[in-house]
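Novice: fold the following.
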Amino acid sequence: MKRAMTTSSGSTVYRGRASAGLPGSFALLSFIVLFGLVGVLIVRNIFATTAPPEILSGILNKPGSWCINDENSGTTLNNKVFSAQCNGSKAQQWVFKTVTTTTGYVENNALPFGHYCLEVLNGSTAPGGRVVLDACNGSSVQKWTRVNSQFQYAPSSSKGAAAVCLAIYGGYTGLQLRTNTCDNGYYSQHWILTTYQTPAPTPTPPPTPSSGSEHIISTLYAYPTLSSWQQVESAAPTVKYAIVNICAPDGSGSGCGRPADEINTAWIPTLQALQKAGITPLYYISTNYGGVSVATIESELNNMKTWYGNYGVVDPMFDTTATNNPSYYQTIYNYSVNNIGSSAVMFNPGTTVPESYMFGSKEIVQVYEGTALGFEGTSFPSWMKNYPASEFSATLSVGTSSTVGTDVTDAVNDHIGNFYEDDEAESPNYATLPSFWTAEVNDVANAK
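Specialist: Below is the predicted model:
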């Protein structure tokens, strides 16, 4: 499962339907409302009072949120516009006001005294052109073309000039917005469409646990606002655990190459929803086959509890587990249980391990990670029968709707109480749920 977290199911991070014209300015001002724990820059048109509010935010193609921010909510000509951590202020409330299906103006109409648009200063088509604020006037220097998740600028007066894209110049918060050469792989040019809603203040009791003995440990390395998380939540209690691969806003994180150095508040609503559904999140930590020091692992565990403990995250999933170092893994198991208060500690060697790896009753060992076809031909050691099936798991890829039921039955017969099957090719990124997700949930729920 050694995979960096993806923000969407594909190569682009833009999500949502295309705009098709805004109502009048009075109606627009009536409908734009800020929700959420992290702000985002508004990009979808609002047609009715029942439509959910959205705020468009510049989100680099990694976990974290940067909003377009009008400095000091200024309304003067050429006022500075820069990237900032989302805070919900009026200076960060924007809409994409369309002229055609894909062209229009990035407009803020929450500021006082009128409507204000993003403008390329002096109409420069060279990379590095400053993007500023000005009163909306319909000029070509304020017109943008939305292409997937990017906003391209190429005024008609510059025939033959290559388009440049709206970018966080340099890729980090606090920097002046500028244009830059359009590059689909350059994360600071992607603007994501998402909605954050304030979670209910009082969580409801979790569902009654499943009467079945088989459960799902979902492996979904996706941005927390994707609808696939709602599918996971609605599959409780058959889904008992969900691996969460959380990286910090600056891109640090075990699944992103190095331990996280700060909290990522974008995850909080999803973690609360999992907790409300009765699903235990398993926090991704890579051990690099024992190459990460015990002290670093303990620091990651402490940060996990400090940042996310109030949202039900006190249980780790240790990926890239070596099969020949039981004392190392016994140490971090003991620390998780005794110092963090973990009720579940998952290890992922992706294959069978010696019995000496059975450290305690709170452990889950992933004894298989590979293709569905390979799983069907794998034999597992007899000593596994000495322990509850709930202490073992298997994750399958390259699965199909026609074989998932058989694979679930095989897992039960192999004394493996936790199961997940995806339809991604090897090596999987775990970016999406399988197309047969509903059938898989039903098969696991009905397994005997």
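Novice: tell me which residues of the helix ranked longest in the chain are tucked away?
Specialist: Criterion DSSP state H: the longest helix present in the chain is helix 294-308. The neighbour-count criterion (16 or more other CB atoms under 10 Å) identifies 296-298, 300-301, 303-305, 307-308 as the buried residues of helix 294-308. From N, CA and C alone the C-beta is placed, and that goes for glycine too.
Novice: how close does Phe96 sit to Gly350?
Specialist: Phe96 sits 44 Å away from Gly350, taking CB to CB, to the nearest Å as the criterion.
Novice: more neighbours: those two, which one.
Specialist: Between Phe96 and Gly350, counting by other CB atoms under 10 Å, Phe96 is the more crowded of the two (24 against 19).
Novice: am I right that Ile285 sits in a helix?
Specialist: No: when classified by DSSP: H, G, I helix; E, B strand; the rest coil, Ile285 is found to be strand rather than part of a helix.
Novice: run through the stretch 1-150 of the chain and note the low-pLDDT ranges.
Specialist: Counting by pLDDT under 70, the low-confidence segments of the stretch 1-150 of the chain come to 2-65, 86-88.
Novice: quick one, strands of it?
Specialist: For the stretch 1-150 of the chain, the strands defined by DSSP state E, counting those that start in this stretch cover 57-58, 66-70, 79-85, 95-98, 103-108, 116-120, 131-135, 144-147, 150-153.
Novice: name the helices or strands packed onto the third one?
Specialist: The reference is to strand 79-85. Under the contact criterion of 3 or more CB pairs under 8 Å, 6 or more residues apart in numbering; DSSP states H and E, strand 79-85 touches strand 66-70, strand 131-135, strand 177-181.
Novice: most packed of those?
Specialist: A comparison of the helices and strands packed on strand 79-85 by mean neighbour count, using mean count of other CB atoms under 10 Å, puts strand 66-70 on top with a mean of 27.
Novice: on that earlier part again, in JSON lines: the helices and strands packed on strand 79-85, plus distance to Tyr116.
Specialist: Putting these into JSON lines (distance: least, CB to CB, whole Å) gives the following:
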{"stretch": "strand 66-70", "distance to Tyr116": "7"}
{"stretch": "strand 131-135", "distance to Tyr116": "5"}
{"stretch": "strand 177-181", "distance to Tyr116": "14"}
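Novice: among those, which comes closest to Asn79?
Specialist: Between Asn79 and the helices and strands packed on strand 79-85, the shortest separation by CB to CB is 4.2 Å, and it involves strand 131-135.
Novice: how far away is Trp94 from Pro281?
Specialist: Counting by CB to CB - Trp94 and Pro281 are separated by 32 Å.
Novice: neighbour-wise, which of those two wins?
Specialist: More neighbours sit around Trp94 than around the other of Trp94 and Pro281, counting by other CB under 10 Å; the figures are 27 against 24.
Novice: hey, where'd the strands end up in the stretch 301-448 of the chain?
Specialist: Counting by DSSP E, counting those that start in this stretch, the stretch 301-448 of the chain has these strands, from start to end: 315-319, 345-347, 363-371, 392-397, 418-421.
Novice: give me the helices and strands touching the longest one, please.
Specialist: Translated: strand 363-371. Secondary-structure packing of strand 363-371 (3+ CB pairs under 8 Å, 6+ apart): strand 345-347, strand 392-397.
Novice: now for Ser252: which residues touch it?
Specialist: Contacts for Ser252 were tallied using CB atoms under 8 Å, 6 or more residues apart in numbering; they are 258-262.
Novice: again but with Thr320, I slipped
Specialist: Contacts were defined as CB under 8 Å, 6+ apart; by that measure Thr320 touches 1-2, 286-289, 348.
Novice: returning to what we had before: tell me the one of the buried residues of helix 294-308 nearest Ser336?
Specialist: Proximity to Ser336 was ranked across the buried residues of helix 294-308 by CB to CB; first place goes to Leu301, at 6.1 Å.
Novice: tell me how many other residues crowd Phe82.
Specialist: 19.
Novice: which of the helices and strands packed on strand 363-371 sits most buried?
Specialist: Taking mean count of other CB under 10 Å as the contact definition, the stretch among the helices and strands packed on strand 363-371 with the greatest mean neighbour count is strand 345-347, which reaches a mean of 26.
Novice: so what's the gap between that one and the chain middle?
Specialist: Between the mean C-alpha location of strand 345-347 and the chain-wide mean there is a distance of 22 Å, by CA atoms, centre = their mean, to the nearest Å.
Novice: isn't Glu421 right up against Ser402?
Specialist: No: with contact defined as CB atoms under 8 Å, Glu421 does not count as touching Ser402 (11.9 Å).
Novice: the more surrounded of those two?
Specialist: Set side by side, Glu421 and Ser402 give different neighbour counts by other CB under 10 Å, the larger being at Glu421 (26 against 9).
Novice: now for the more buried one: which residues touch it?
Specialist: For Glu421, the contact set (CB under 8 Å, 6+ apart) comprises 372, 395-397, 399, 404, 407-408, 434, 440.
Novice: what angle separates the longest helix of the chain from strand 315-319?
Specialist: Using axes from the mean of the first three to the mean of the last three CA atoms, to 10 degrees, the interaxial angle of helix 294-308 with respect to strand 315-319 works out to 140 degrees.
Novice: Val106: which of the helices and strands packed on strand 363-371 is closest?
Specialist: Taking CB to CB as the criterion, Val106 comes closest to strand 392-397 out of the helices and strands packed on strand 363-371, the separation being 40.3 Å.
Novice: export the closest one to CSV, keeping only CA atoms.
Specialist: C-alpha atoms of strand 392-397 as CSV (Å, rounded to 0.1, in the frame of the first residue of the first chain):
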residue,chain,number,x,y,z
PHE,A,392,-6.2,-10.9,9.8
SER,A,393,-6.9,-9.0,6.6
ALA,A,394,-6.5,-9.2,2.8
THR,A,395,-6.6,-6.5,0.2
LEU,A,396,-7.1,-7.6,-3.4
SER,A,397,-6.7,-5.7,-6.7
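Novice: that one pairs with which strands?
Specialist: Based on DSSP bridges, the pairing partners of strand 392-397 within the sheet are strand 363-371 (parallel), strand 418-421 (parallel).
Novice: re earlier: and Asn339, which of the strands of the stretch 1-150 of the chain is closest to it?
Specialist: Evaluated over the strands of the stretch 1-150 of the chain, closeness to Asn339 peaks at strand 79-85, with 31.4 Å, by CB to CB.
Novice: run the chain-centre distance for the closest one.
Specialist: Averaging C-alpha positions (CA atoms, centre = their mean) puts strand 79-85 24 Å from its chain's average.
Novice: so that strand versus strand 116-120, what angle?
Specialist: Counting by the same axes, to 10 degrees, strand 79-85 lies at 100 degrees to strand 116-120.
Novice: and the protein, what are its domains?
Specialist: Residue ranges for the domains of the chain, per automatic domain parsing: 25-192, 215-445.
Novice: ranges for the helices of this protein?
Specialist: Counting by DSSP H, the segments of the chain that form helices are 25-31, 228-234, 268-277, 294-308, 326-335, 372-376, 404-413, 437-445.
Novice: chain center to the fourth one: distance?
Specialist: Average the C-alpha atoms of helix 294-308, do the same for its chain, and the two points are 20 Å apart (CA atoms, centre = their mean).
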